[in-house]
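Trainee: Just the structure for this:
(one chain, ligands or ions: 3)
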Amino acid sequence: MNPGGAAPSTNGHSNGVNGRAAAGPTQPRNPYAPRYSDYLSNVSNFKIIESTLREGEQFANAFFDTKTKIAIAKALDAFGVEYIELTSPAASEQSRLDCEAICKLGLKAKILTHIRCHMDDARIAVETGVDGVDVVIGTSSFLREFSHGKDMTYITKTAIEVINFVKSKGIEVRFSSEDSFRSDLVDLLSIYQTVDKIGVNRVGVADTVGCANPRQVYDLVRTLRGVVSCDIEIHLHNDTGCAIANAYTALEAGATHIDTSVLGIGERVGITPLGALVACLYAANPDYVKSKYNLPMLREIENLVAEAVEVSIPFQNPVTGYCAFTHKAGIHAKAILNNPSTYEILKPEDFGLTRYVSIGHRLTGWNAVKSRVEQLKLDMTDDQASLPSGFFCIKDATAKIKELADVRTQSMEDVDTVLRVYHSGIVSGKLDIGQPHILDALLEAHRAT
Ligand SMILES: CC(=O)SCCNC(=O)CCNC(=O)[C@H](O)C(C)(C)COP(=O)(O)OP(=O)(O)OC[C@H]1O[C@@H](n2cnc3c(N)ncnc32)[C@H](O)[C@@H]1OP(=O)(O)O
Ligand SMILES: O=C(O)CCC(=O)C(=O)O
Ligand SMILES: [Zn+2]
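Mentor: Ligands and ions are numbered 1, 2, ... in the order given. Have a look, this model is predicted:
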């Protein structure tokens, strides 16, 4: 899809679009690029815990039947996520059966389920065939008072019991403190240290209400990194739009596992979106991300989930938003045609997508128009300088396109008509730039046919 304009297939990087010399492979060094010397950073060493089938099921519109759950699980597995987290089997009988069914699919991704910190839930979970159990309990005063009503002593005792039980079954176990960023730091570090000592595989930090900012995330994860030796998972809600930045900064601070959901679906406005996180991490280290994930599958997965929960993909969605690789303004278009890296940090072809240069609008420029002239194989000169008087050049055609686009956006067809008419003027040599009414009549004639 290409909003209101021509779509030269400008997939070339180095083939000298517009007949110009292509830019060389050397790119200027970005001083803000991640510093690989930072020994804490896991920006190029992380795992995704994909929670569309757990957190995503908590999205207002979500109802996943068994078939849909299986389709989503298979798609995520083919994409390459390391873990798939499923709704608690204690939630309902069908949830338990679906959990068992997904465990039996033989996927490469490890299958987790997510339970309360309670032995009843743990007993059900370990019987489903999962590879691991994610245990959670609120530690903030809000949740201690208004949710489960338990104090830290009870939480610690139960956590030890549940973790030891799950471990005794030979599967992975993670312990997470819900609402971590509104919990007392001493309580938090103390319980994380306790569960680390008894051999939990991961501890989880959860920004349950989406209140944390990147600096707070960095500080907490970095502090925790100094306290536990196990892996660190992070779960970030997006209530204030910080979930992607927070995930990135958590990795910089030493987190090892990031929770995502497709399109970010979850409670309220949801959590870190899979696609946007992948885009963010690709920008940091494209080769690493390409080697781990089947990036061209992203669009298919997002479409699958969008359809299942009856939402559309937002226009500004990283990678798959309908204008994610559309370039419009003349200044951008010229540079993009010479070297796509000028205005693209993500290469559309790495995601199985194509870029578009939009032409039919008043912000266009002659360089973009020229690329379309070349695609149409029309022989036109750039400007009047090398033309006998009365002939038309690309800059004349551009001026006409802009004039028409001042009234309304021009479709690809409209642009092509202008170009063909101006070109036919050259070929016939009969038209005069001083006789615009003749061109207008020709344009009308073209439109009528
Ligand atoms: C922040 C998150 O997203 S955490 C994950 C949320 N996921 C879910 O809630 C899964 C779907 N939930 C369900 O199907 C149901 O809530 C169930 C089956 C888990 C529990 O249902 P019910 O027994 O009817 O309880 P209800 O949902 O009303 O309240 C939650 C109960 O769990 C307790 N609880 C809440 N969080 C926890 C926890 N992390 N660990 C242990 N107990 C907890 C509450 O105290 C309350 O217990 P109560 O029976 O003494 O009132
Ligand atoms: O288990 C976790 O770490 C997170 C649970 C959750 O969904 C949340 O706290 O928002
Ligand atoms: Zn959540």
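Trainee: Where does the record place the domain boundaries for this protein?
Mentor: When the chain is parsed with automatic domain parsing, its domains come out as 47-308, 327-448.
Trainee: For my notes, please list the ones you listed in JSON lines and give mean pLDDT for each entry.
Mentor: Formatted as JSON lines, the domains of the chain follow (pLDDT from 0 to 100):
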{"stretch": "domain 47-308", "mean pLDDT": "98"}
{"stretch": "domain 327-448", "mean pLDDT": "87"}
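Trainee: Quickly compare the ones you listed and say which is most buried.
Mentor: domain 47-308 (a mean of 20; mean count of other Cβ atoms under 10 Å). All C-beta atoms are positioned from the backbone trio N, CA, C, and that covers glycine.
Trainee: That one near ligand 1 at all?
Mentor: Yes - using Cβ under 6 Å from any ligand atom, domain 47-308 reaches ligand 1 at 58, 88, 90-91, 116-118, 136-138, 147-148, 178, 208, 267.
Trainee: hang on, Glu344 packs against Leu337?
Mentor: No - proximity of Glu344 to Leu337 does not meet the contact threshold set by Cβ atoms under 8 Å, at 11.9 Å.
Trainee: ok so, going back, give me the subset of the residues of domain 47-308 next to ligand 1 that also touch ligand 2.
Mentor: Val136, Glu178, Thr208.
Trainee: just checking, the first one touches His114?
Mentor: If I follow you right, that is Val136. Yes - counting by Cβ under 8 Å, Val136 touches His114, with 6.7 Å between them.
Trainee: Which positions in the chain make contact with ligand 2?
Mentor: Residues of the chain lying near ligand 2 (Cβ under 6 Å from any ligand atom): Glu55, His114, Asp134, Val136, Ser176, Glu178, Gly204, Ala206, Thr208, His235, His237.
Trainee: hang on, the earlier thing: which members of the residues of domain 47-308 next to ligand 1 occur in strands, if any?
Mentor: Applying DSSP state E to these, the entries found in strands are Arg116, Val136, Ile137, Gly138, Glu178.
Trainee: who touches the third one in this structure?
Mentor: Read that as Ile137. Arg116, Cys117, His148, Lys150, Ile155, Thr158, Ala159, Ser176, Ser177, Glu178 (Cβ atoms under 8 Å, 6 or more residues apart in numbering).
Trainee: ok, and Ala247, which helix or strand is that part of?
Mentor: helix 243-252 (DSSP states H and E).
Trainee: Packing partners of that helix?
Mentor: Judged by 3 or more Cβ pairs under 8 Å, 6 or more residues apart in numbering; DSSP states H and E, helix 243-252 is in contact with strand 202-207, helix 214-225, strand 231-236, strand 257-260, helix 274-284.
Trainee: That helix to strand 202-207, inter-axis angle?
Mentor: 140 degrees (axes from the mean of the first three to the mean of the last three Cα atoms, to 10 degrees).
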